[in-house]
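[1] sequence and predicted model, in that order:
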There are 2 protein chains.
Amino acid sequence: MSDPTLPAEFALIARHFRPLAGPGALDLRDDAALLSPPAGCELVLTVDAMIAGVHFLPDDQPDLVGRKLLRVNLSDLAAKGATPLGYLMTVAAPRDTPDDWFAGFAAGLAQDQLEFAVTLLGGDTTSTPGPLALSLTILGHVAPGTMVRRAGARPGDGVWVTGTIGDGALGLAVATGKMTDPTGHLLRRYRLPQPRVGLAIAGIASAGMDVSDGLVQDLGHLCRAGGLAADIDAALLPLSPPARQAGPDWLPTILTGGDDYELLLAVPPGREASLRDAAHAASIPVTRIGGFRAGPPGVMVRGPDGKQLSLAKGGWSHF
Amino acid sequence: MSDPTLPAEFALIARHFRPLAGPGALDLRDDAALLSPPAGCELVLTVDAMIAGVHFLPDDQPDLVGRKLLRVNLSDLAAKGATPLGYLMTVAAPRDTPDDWFAGFAAGLAQDQLEFAVTLLGGDTTSTPGPLALSLTILGHVAPGTMVRRAGARPGDGVWVTGTIGDGALGLAVATGKMTDPTGHLLRRYRLPQPRVGLAIAGIASAGMDVSDGLVQDLGHLCRAGGLAADIDAALLPLSPPARQAGPDWLPTILTGGDDYELLLAVPPGREASLRDAAHAASIPVTRIGGFRAGPPGVMVRGPDGKQLSLAKGGWSHF
């Protein structure tokens, strides 16, 4: 099954993926990885896939594709208060994928492995007649009982977010020619999310998740999981300068678009100071944008004019 | 992004995948799974993907696709001497995938979860413009230092296999119309491998892996990992009755075809009795088909006529 236009599967793994292998990966020369979890820990496990044409654009730079794949998974760990341990990855690639693509993809992963102190444990590389299909499973650890869950918010807790909201969705609008982006900030944010690894939310947040499907939809998830309602105030949303300049017509996109990869947290008033301390220690901005209250699960958004906003689209669903 | 011909993503997960969720999966309602590994264990982790049109035929029954996906991963754990803990799964499906397909796929997984005492920990479900792309990451555990590795075979160790060899590759020949299969045995073996979970090889096998890419190629992996040669005798190969009836023309397929999912083990002579005891306890047949010796890594096959066979194709590579 060798293909003269492509390196053989094993050579491809040796050249591009073996340099990413860390402790426990057995140099990618065995059928499984071997990992000693920290004594007494609980493991936190999550998986996210990225498909060309669905989650990234086919002409996106391969290093950014690799970094985004790793970062969206790191973001999930960050939202659970977990420390990354390592990852396994599936790469299903068309036979005509140039070797340069793999080189760029692996270089991006290598760069972020250094930045986030995580290494490749194992993987599977295969051909596909379809588009590039990537899947990454990441393992992290927490002290027992401390994982931040979707459920757990209580009436009176504040709704908090890290960083700025909406840049990812606006960046997609830029990438598809629907708006301009003179500074390139929005496009960079869409192409390369910043996982909030290092923000020590365990014991501080009563609930949390990352914002990947849109702020309103994801806040709705926290509401349903906790059996309560949330009110947020559009005027309080932390916006980057280009998002602010985009103007009010883009507010629905900012509220319901995906790809923020900021953390969305429920924080009891008595722990706000701890959150600010943790945020300062990690150099990660945090902003209170509203609060939880008793009520049927749902999200109310107060617009800039003080009136409740009506949103046509609650978020992104794949089916 | 709702599609009237398909259930929404969340409803699809709720209907088909939530019933598969086990302890630690948090009912698939959170962003991550939470797992307490057995105290003092080492984790064994592996991932295998299956793409429609590459690893299975598009019209294969969905329950068998699900079971095969789980079983090929269980087979890797079995070959490492590991006990399964749980799995995470990515399902990238075309938008026109009927709900019945998901129902059948999940039913197959449910059946094998019971058979092999393993449950779903988490996953990601997404659409794809390409063929169905499945990826499954499985976790197992071993006592520290006991994982059976590819490296470790010593000169004088026997080459052993479980079950019968070649049925999978012959089954593929049946599925593609290249041979007949009056009893259906070969096709069943191709469509539904039998992972040898439960064969207690830790402390018995000096090296091991499962046969997925072809006996000769995989034995070559053990040779290269251990820095030694192996001789096997075609007359000693355990063959099912239909494989035996296929005749000598099919011997190269039997030796080099993939999809056996039997265990290939190096066993020192002094541990043969222990292997036979373990095999008896697990009701899994084992057969000695040759031996390892000092020499440049490579596999010599003695044909039924006593002469060395020359094989054109070493196995299966995806690129």
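    Happy to help now that I have it.
[2] ok, residue A:309 - how many residues close by?
    By the criterion of other CB atoms under 10 Å in any protein chain shown, residue A:309 has 16 neighbours. Yep, even glycine has a C-beta here, placed from its N, CA and C like the rest.
[3] quick one: it and residue A:302 touch, right?
    Yes: counting by CB atoms under 8 Å, residue A:309 touches residue A:302, with 7.2 Å between them.
[4] between these two, what contacts are shared?
    Common contact partners of residue A:309 and residue A:302 (CB atoms under 8 Å, 6 or more residues apart in numbering or on different chains): residue A:234.
[5] what's the end-to-end length of stretch A:86-101?
    23 Å (CA to CA, to the nearest Å).
[6] check the offset of that stretch from the chain's centre.
    Centre-to-centre, stretch A:86-101 and its host chain are 20 Å apart (CA atoms, centre = their mean, to the nearest Å).
[7] what's the mean pLDDT across the strand or helix carrying residue A:292?
    Assigned by DSSP states H and E, residue A:292 belongs to strand A:286-293. For strand A:286-293, the mean per-residue pLDDT is 98.
[8] residues making contact with stretch A:291-300?
    Applying CB under 8 Å, 6+ apart, the contact partners of stretch A:291-300 are A:153-159, A:216, A:219-220, A:222-224, A:226-232, A:266, A:308.
[9] tell me which residues of that stretch are tucked away?
    The neighbour-count criterion (16 or more other CB atoms under 10 Å in any protein chain shown) identifies A:291, A:292, A:299 as the buried residues of stretch A:291-300.
[10] do the same with stretch A:105-125
    A:105-110, A:112-113, A:116, A:118-125.
[11] which phi and psi does residue A:231 have?
    phi -120, psi 130 (degrees, to the nearest 10).
[12] surely it and residue A:308 touch.
    No: the criterion here is CB under 8 Å, and residue A:231 misses it with residue A:308 at 9.2 Å.
[13] whatever residue of chain A ends up closest to chain B: neighbour count?
    Taking CB to the nearest CB as the measure, chain A has residue A:130 as its residue closest to chain B, at 1.9 Å. Counted with other CB under 10 Å, residues neighbouring residue A:130 total 24.
[14] same check on residue A:247?
    For residue A:247, using other CB under 10 Å, the count is 9.
[15] tell me the contacts of it?
    With CB under 8 Å, 6+ apart, residue A:247 has no contacts at all.
[16] please report phi then psi for the closest residue in space to residue A:224 that isn't next to it in sequence.
    Nearest in space to residue A:224, with sequence neighbours left out and distances taken as CB to CB, 6 or more residues apart in numbering or on different chains, is residue A:297 at 4.4 Å. The phi/psi pair for residue A:297 (degrees, to the nearest 10) reads phi -50, psi 130.
[17] next one: the one 10 residues further on
    When read as degrees, to the nearest 10, the backbone of residue A:307 gives phi -90, psi 160.
[18] rewinding a little: of the contacts of stretch A:291-300, grab the buried ones for PyMOL.
    Only the buried entries of the contacts of stretch A:291-300 go into this PyMOL selection, using 16+ other CB under 10 Å:
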select buried, chain A and resi 153+157+158+159+216+219+220+222+223+226+228+229+230+231+232+266
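[19] low-confidence ranges in the stretch 201-319 of chain A?
    A:312-319 (pLDDT under 70).
[20] how about the helices in it?
    Using DSSP state H, counting those that start in this stretch, the helices of the stretch 201-319 of chain A run over residues A:215-226, A:241-245, A:251-256, A:272-282.
[21] so what's residue A:4 scoring on pLDDT?
    33.
[22] hmm, I was thinking of residue A:7
    What the model reports as pLDDT for residue A:7 is 48.
[23] ok, now which ones touch the nearest residue to residue A:287 once chain neighbours are set aside?
    Excluding the flanking residues, the one nearest residue A:287 by CB to CB, 6+ apart is residue A:238, at 4.3 Å. Applying CB under 8 Å, 6+ apart to residue A:238 gives the contacts A:161, A:163, A:164, A:165, A:285, A:287, A:289.
[24] OK, contacts around the residue nearest to the residue of chain A closest to chain B when sequence neighbours are not counted?
    Closest residue to residue A:130 apart from its sequence neighbours, by CB to CB, 6+ apart: residue B:130 at 1.9 Å. Shown in contact with residue B:130 (CB under 8 Å, 6+ apart): A:51, A:128, A:129, A:130, A:131, A:133, B:92, B:94.
[25] repeat for residue A:146
    Residue A:146 makes contact with A:81, A:202, A:203, according to CB under 8 Å, 6+ apart.
[26] which of those tops the neighbour count?
    In the contacts of residue A:146, the most neighbours by other CB under 10 Å go to residue A:81, 24 neighbours.
[27] where does it land in three-state SS?
    Three-state call for residue A:81 (DSSP: H, G, I helix; E, B strand; the rest coil): coil.
[28] doesn't residue A:202 make contact with it?
    Yes: between residue A:81 and residue A:202 a contact is recorded at 3.7 Å, counting by CB under 8 Å.
[29] list the residues that contact both of the two?
    By CB under 8 Å, 6+ apart, residue A:81 and residue A:202 have these common neighbours: A:142, A:146, A:147, A:148.
[30] please parse chain A into its domains.
    Listed domain ranges for chain A are A:9-142, A:158-302 (source: automatic domain parsing).
[31] ok, and the most crowded of the shared contacts of residue A:81 and residue A:202?
    Neighbour counts for the shared contacts of residue A:81 and residue A:202, by other CB under 10 Å, peak at residue A:148, which reaches 27 neighbours.
[32] give the contact list for that one.
    Going by CB under 8 Å, 6+ apart, the list of residues near residue A:148 reads A:79, A:80, A:81, A:201, A:202, A:205, A:207, A:208, A:265.
[33] residues contacting residue A:37?
    A:43, A:85, A:141, B:37, B:41, B:43.
[34] can I get these in a markdown table with distance to residue B:170, pLDDT and secondary structure?
    Putting these into a markdown table (distance: CB to CB, whole Å; pLDDT from 0 to 100; DSSP: H, G, I helix; E, B strand; the rest coil) gives the following:
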| residue | distance to residue B:170 | pLDDT | secondary structure |
| --- | --- | --- | --- |
| A:43 | 41 | 97 | strand |
| A:85 | 42 | 96 | strand |
| A:141 | 45 | 97 | strand |
| B:37 | 40 | 93 | coil |
| B:41 | 38 | 94 | coil |
| B:43 | 36 | 97 | strand |
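[35] I'd like those as CSV, with distance to residue A:179 appended.
    What follows is the contacts of residue A:37, written out as CSV (distance: CB to CB, whole Å):
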residue, distance to residue A:179
A:43, 42
A:85, 39
A:141, 41
B:37, 48
B:41, 52
B:43, 46
